[in-house]
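coords below, sequence missing:
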C-alpha cells in the first residue's frame, strides 16, 4: 500500500524491516517445544523464527532483488530503523521502503510489554521530493531530553505514532522536533 501510494514498484525498492521482538510467537513456540523431554522441532518452523523472516518473505513475494535489512533494537527499534534508513539513503541516491512491525507478545514473557499489534510502512527518499509529506533531518540522540512514556517502551514500534500523525495531519507546520524512541529525536518539516 505504501509503495502504491508513493507510485513505486515494490520490486525496485531496497527495504529496512524493524521489529522490537521479531517473530516472537514462532520463537516462543519453538522454545516451549525445546523444554520438553523429547522435543519435536520442525525445520520448517525454525526458518520462521529468525529476525529476517519478514524481509525474506517480502523479497520472495515481490520478486525484489534489492537489499533488505532486518533489525531489532528493543525500545530503540523505531529510532534505529529511521537511522538505518537515513544512513542507507545517505550512501546512495534513490528511495527505500521502511517497514516497522510487532505482533502481540505472550503475556508471560514480559508482563506489560508487546500488548499492541502494529505495523507501518513508509517510502523514504534520499532527496526531498516535491510530493513528499515530510522531510526528515538526521536522527539524533539527546539523553537530557524528557524520556518517552512507558507505553512507548512497552510497545517500541508505537514510537512511530507522532511521525505518522504529523504526516496525516492537514496543512503545513513549522519544523518540529519529534521523539522516535527513548532519547532519540528527529527534526521534521511538514510540507
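Yep, it's here. The structure displayed is predicted, hence computed values, not measured ones.

tell me the confidence at residue 86?
Per-residue confidence for residue 86 comes out at a pLDDT of 91.

now do residue 16
The score at residue 16 is 97. That number is its pLDDT.

centre of the chain to stretch 124-136, how far?
The gap between where stretch 124-136 is centred and where its chain is centred comes out at 18 Å by CA atoms, centre = their mean, to the nearest Å.

what's it in contact with?
For stretch 124-136, the surrounding residues in contact (CB atoms under 8 Å, 6 or more residues apart in numbering) are 82, 85-86, 89-90, 92-98, 163, 166-167, 186-191. From N, CA and C alone the C-beta is placed, and that goes for glycine too.

please report how far residue 100 lies from residue 171.
Counting by CB to CB, to the nearest Å, the separation of residue 100 from residue 171 is 25 Å.

show me where the protein has its helices.
Counting by DSSP state H, the chain has these helices, from start to end: 2-6, 24-34, 43-46, 53-62, 77-91, 150-154, 161-168.

now the second one: average pLDDT?
Model confidence over helix 24-34 averages 84 on the pLDDT scale.

how about that helix: buried residues?
Of the residues in helix 24-34, 24, 26-30 count as buried by neighbour count, 16 or more other CB atoms under 10 Å.

re the thing from before, the helices of the chain: which one's closest to residue 17?
Nearest to residue 17, of all these, is helix 53-62, at 4.4 Å by CB to CB.

who touches that closest one?
Contact partners of helix 53-62, identified using CB under 8 Å, 6+ apart, comprise 10-11, 15, 17, 19, 22-23, 26, 47, 64-66, 68-70, 99, 101.

alright, that wraps it up for me.
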